[in-house]
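>>> requesting a structural model of the entry that follows:
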Amino acid sequence: MAEQIPFSIVENLLMKVGSSVSREIGLMYGVQNELGKLQDKLSMIKAVLFDAEEQQQRSHAVATWVERLTDVVYDADDLFDDFATEELRRKTEVQGRFAGQVGDFFSSSNHLAFRFKMGHRIKDIRERLDDIANDISKFNFIPRETCSVVEKSHKIVGREENKREIIELLMQSSTQENLSMVAIVGMGLRQDHPCSVGIQRPRVVSYFNLKMWVCVSDDFDVKVLVRNIIKSATKRDVENLELDQLQELLKQNLDGKRYLLVLDDVWNEDKREWGQFITLLPVGANGSKILVTTQAQELHHLGICLKVLHLKGEEQMQPNLVAIGKEIVKMCKGVPLVIKTLGGMLYFNTQESHWTFFGADLVVDDGSSITRLLSSLKGLRVMKMSFFSRYKALSSLGKLSHLRYLDLSYGWFENLPNAITRLKHLQTLTLFKCMRLKELPRNMKKLINLRHLEIDEANKLRYMPRGLGELTNLRTLPLFWVGNDSGESRHNRMGRLNELRFLNNLRGQLQIKNLSNARGSEAKEAILEGKQYLECLRLDWWERQATQESEEAVLVMESLQPHPNLKELSIYHYTGVRFPNWMMNDGLDLLLPNLVKIQITSCNRSKVLPPFAQLPSLKYLALFYLIAVECMMDYPSSAKPFFPSLKTLQLSHLPNLKGWGMRDVAAEQAPSYPYLEDLLLDNTTVELCLHLISVSSSLKSLSIRRINDLISLPEGLQHVSTLQTLTIRGCSSLATLPDWIGRLTSLSELCIDECPNLTSLPEEMRSSAIYTLEIYRCPYLYERCQKETGEDWPKISHIPELSLGDGEAICEACLVSLMNRHPQ
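So this is what the prediction gives:
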C-alpha cells in the first residue's frame, strides 16, 4: 500500500531548522553544524518529493524509500519537540517549583548527558537522511522547483475543463479592482487537484510576481494567518511580532506587486473575521488574486469582488468507487476511527481494482484488528475514538508517540491505561461523557506538554491523580475533584487540592468538586488568587458521605480567594456558618471589580450574605435554597452605589430573608435598581416581594412563584411601564387581579399557573395589549375562559395566542417555557 508523502512535515521541519529558535538550540547544545547539514539534506529531498510520489505507485523500491523517509522525518520532528520539551522543563525548574530536583538537573553531568544524547540523535537522523538522499540518483528522481502548492504536470482525465476555467479566472484583470478573489468550491489542494496543476502552468507562473500558499483549515486566527502569509512570501520566520508590525511587513513585501495568495481548505464563515483579515491585505498591482479553496456553499462572507467555480466531485467521475466505498464502510461496523483511517489510505489510489481487493480483504472486530491498525499508524497527530471500550486497544495508543490531540469521548472504559502517559507530545486529551470512567492514569505528570484536559461531570471520577500539578502548561482544566483520602489504598495516588498551586496558566472555567474532603491548609496552597486567566470559578462542597466540620469549611473557603480578573463565581452546598472575611469586608468591590455573575445554591448554615451590592460590574445574581439567610451585609455609611449594574436578580427558597440591609429600613434611604430587567421571586417573603418591586422601575420580566401569603399583586407594579412578561405561579392565596393589569401597555405575555383561588379576570383585560395568555391549574378561570361559553371569554377573545389547562393537564410546551425563563 502506497505511503502518503509527508509534504507538510518536511516543509515544517525546514521552517524549524531555519528558525532563530533552532539557531539558539544549535549554539546551546553545540550541534549547529549538524543542524546545517540536516537543512541541506531536507531541501534536496523536498525537491524530488513530487516525482517520488508518482513513481511509488508503480515501484515497490520507491515505495520503500518513501516509507524510510516518512520514518526519519517523523523522528526529526520528534527531535525538535524534545528540544522544546527539555527547554520548557529547564525553565520550569529554574523557577524553583520543584526545588528538590533543581540542583540535580543543572549539574554539569546532567546537562552534558542531554547534550551528548541529542547530538547523537541529530547525527543519526542526518546519516539516515544521507542514505535516503544518496538513493535519489538511483531512482532518477527529477528535482522540481519547490513550491508550497503541490505540483503535478501530468494530464488528469476529466479535469481539463476545470483547469482551463481556473487559469482564465486567475488571469482576468479588472479596470475597477486591483485585488479580487476566486473561490473554488470542492476539496482542498491535493496532488491532482486541477487548481494545483493550473497554478503551475508557465503562463500563470510568469503572470504573477509573487505566489504565496497558506493552509487555513479550521484555525482562522487572523494574526497566525498573516504571519504564515509573510513566511510563504519571504521564507523567513516572523514570530513574536504584533499584528500592526505584521501588517507593515506584509505591506513592504506585497505593495506594488501582482501577487497570487492561495488560501487552501478554508472553513471559516465568520463575516467579521473575514472583514478584519481582508482590510490587512495590501491591494497589490492590478490583477492580484486571492484564490480560496473551500467546501462551503455559502460564500457571501468572503467579501471583496468574488468569482466562484464549483468543481465536479470524484464521485461524479468514478461512480463505481462510491458503491465499493459504501460496502467498505459497512464492513467497518460503524467504528469511526477505522472508517477515517481507511479513507485516508484509499484516498491516493483511485484504481477500482485496488478498492475492490481492499474491501474483500477487510475484517474489523473492534478489538485485535484495531490494535494492529493503531500500531501501524506512524506519525499520527490527531485521533478521535468515540464509543470505544476495548482496554487492550487503548493500551496500544501509547505507541503513537506523535499524537498531539486525542479525543476518547463517549468511551465505555473504567480506566485509562498508563501507557497513554508515554504520549509526551500530547497537548489535548478530551474525555467528555465517559460514563464509566473511574480513574485517570497515575503517571499523568509525564504528559508534560498537555495543555488541555477536557472533561465533564458525566463520569465516575472522585479524585485527580497525584502529580497533576506538575503539568504547568495546562490551560484547560474545567473540573477538579478533591478526593477522600481516608482509604489507604488510594492515599499514595490521590492528588490533593494543592495540586492546583502551580497551574497558573489555567483559563476559562474551573470547577472544584467535593470540597468537603478538603482541608484549610491544602486549600491555602492552591493559590487561586494567582490564577489571573480564570474567568469562571465554581466551588462545590457536595459529597454524599461528607464529614467536614463547619469551621473547616470556613477555613477552606477563606483560602480560596480568586484573582480580581474573575468574571463568574458560583458556590454550591457550602457548609460554613459564615462566608469568609474576604467576601464580607467593606472592600469587596476592590477585590472583585470585574465580577459579572454570582450564583449561590444550597448553603444552609450562613445567615448573612456578603455585600454583593458593592460590586460595580455585577449584572446577574442568583440565590437559591439559602434557608438560613436573613439579610445581606450592608454598609449604610458607604457612599458606594447600590447594585449599579444589576440586570438579573433571581431569589428562590429564601424563607427568612426580610431585606437586603440597613438601607431597606427607611423608605427615604431605600435604594433603587436602575438597570434591573429580570426579577424572579420564588418562595420568599411577601415583604421582600413588595419592597423589590416598588424600587424596580425598569423591569421587563417578572416571575412571582410560591409566595403563599400574597393576596394581591404589589401596587407598585402598575407603574412599571417597561414590563413585557409576567408569570404568577403557585400563589395559593391570590384571589384577584387588579384592573390596572390591562393598562400595562408593554405587557405582551401573561402566564398564570396553580392559583386555585383566583376567581375571575378584570374587565380591563378587554383592552389589554397582551399577545400570549397561558392559564393552567386555575379551576375557576378555566371554566370562565372557555371559548364562547365562559363568562370571561369576551375579555380575552382578542388575544392571538391562548392556552388553557385544568388540573394536571398542563401542556408540555408551558412547562418548557417556564423552565427556560427561570431555570433553577
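>>> buried stuff in the helix or strand that contains Glu522?
For Glu522, the host element (DSSP states H and E) is helix 520-525. Neighbour-count burial for helix 520-525, with 16 or more other C-beta atoms under 10 Å as criterion, is recorded at Gly520, Glu522, Ala523, Lys524. Using the backbone N, CA and C atoms, a C-beta is placed for each residue, glycine as well.
>>> now the first one, nearest residue through space, not along the chain?
Ranked by C-beta to C-beta, 6 or more residues apart in numbering and with sequence neighbours excluded, the top spatial neighbour of Gly520 is Leu555, at 3.0 Å.
>>> ok, residues contacting the helix holding Glu522?
With C-beta atoms under 8 Å, 6 or more residues apart in numbering as the contact definition, helix 520-525 has outside contacts at Arg496, Leu497, Asn498, Arg501, Leu515, Glu552, Leu555, Val556, Met557, Glu558, Ser559, Leu560.
>>> ok, and the most crowded of the residues you listed?
Val556 (30 neighbours; other C-beta atoms under 10 Å).
>>> quick check: mean pLDDT of the helix or strand that one falls within?
Secondary structure from DSSP H and E places Val556 in helix 550-558. Here helix 550-558 scores 91 as its mean pLDDT.
>>> for that helix, which helices and strands make contact with it?
Judged by 3 or more C-beta pairs under 8 Å, 6 or more residues apart in numbering; DSSP states H and E, the packing partners of helix 550-558 are helix 520-525.
>>> what's the neighbour count on the closest residue to Thr575 other than its chain neighbours?
Nearest residue to Thr575 in three dimensions, chain neighbours excluded: Ala553, at 4.5 Å (C-beta to C-beta, 6+ apart). Burial of Ala553 is recorded as 25 neighbouring residues (other C-beta under 10 Å).
>>> same check, this time on Asn604
Residues within reach of Asn604, counting by other C-beta under 10 Å, total 12.
>>> let me know the secondary structure of it.
coil (DSSP: H, G, I helix; E, B strand; the rest coil).
>>> on that earlier part again, what's the closest of the contacts of helix 520-525 to Met181?
Of all the contacts of helix 520-525, Met181 sits closest to Arg501, with 50.8 Å by C-beta to C-beta.
>>> make sure Gly119 is actually in contact with Gln32.
No. Gly119 is beyond contact range of Gln32, at 11.0 Å (criterion: C-beta atoms under 8 Å).
>>> test my guess that the residue nearest to Thr575 contacts Tyr574.
Yes. Assessed by C-beta under 8 Å, Ala553 is found in contact with Tyr574 at 6.5 Å.
>>> now the common contact residues for those two.
With the criterion set as C-beta under 8 Å, 6+ apart, the overlap between the contacts of Ala553 and Tyr574 is Trp541.
>>> could I get the average pLDDT for whatever helix or strand Ser22 lives in?
Ser22 belongs to helix 20-29 when assigned by DSSP H and E. For helix 20-29, the mean per-residue pLDDT is 74.
>>> and His563, how many neighbours?
The number of residues packed near His563 is 19, by other C-beta under 10 Å.
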